[in-house]
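[1] my questions concern the predicted model and sequence given below.
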Amino acid sequence: MTLIRRETAADREAVHAVHEAAFATAPHASGHEADLVDALRGTEDWLPQFSLVAEVDGAVAGHVVCSYGRLAGEPVLGLGPIGVAPALHGKGLGSALMHAAIAAADARDEPAILLLGNPAYYGRFGFEPAEAHGVTPQDPAWSSAFQIRTLAAWRPDRKGPFTYAPAFTEFG
């Protein structure tokens, strides 16, 4: 059985292990995704309600987190990392985590979620090029993979540069 729920303090080691395994061979990985999650905890940008785990048969098998970045100085959610235990890739856990993160953000009246990732994958969840909405990445080289999912509270006048939480600079 699969359950998507909020992360608890007891999940921290398992979440770290999931991200280490999930990104161990990923070509786009920094190798520090697990450390990034650890570094985000306890910062002003950490949002416990947006740190979700996928639990399979009682064990943590996936994790996603959204933290606050800044869009033209205002807090807006940045998603990542998202990771699933390699043995469970292709089983729908990543999709379930994405749907849960989007639903949680929309329910809490967040205006949007921004991320850096494969447009073919994240397009399935309603993400589109951020620059089409006037939102630019902190690194211009990211333009082709920088995406936004606007939510019900989005205002079209929100435009400008987006920067991830400071921990991303150190571990991203």
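    Sure thing, it's come through. Residues are numbered from 1 along each chain as shown.
[2] any idea which helix or strand in this protein has the lowest mean pLDDT?
    Counting by mean pLDDT, DSSP states H and E, the chain has its least confident helix or strand at helix 166-171, which shows a mean of 88.
[3] who are the packing partners of it?
    With contacts taken as 3 or more CB pairs under 8 Å, 6 or more residues apart in numbering; DSSP states H and E, helix 166-171 sits against helix 33-40. Placement of C-beta: from N, CA and C, glycine included.
[4] any weak-confidence spans in this protein?
    Under the criterion of pLDDT under 70, the regions of the chain flagged as low confidence span 172.
[5] need the helices for it, in chain order.
    All helices of the chain, identified by DSSP state H, fall at 12-23, 33-40, 93-107, 119-122, 166-171.
[6] what sits closest to A101 if chain neighbours are left out?
    V64 (5.1 Å; CB to CB, 6 or more residues apart in numbering).
[7] hey, what's that neighbour bridged with?
    V64 has these beta-bridge partners by DSSP bridges: L52, I82.
[8] L97 is in contact with that one, correct?
    Yes. Here V64 reaches L97: they are 4.2 Å apart, a contact under CB atoms under 8 Å.
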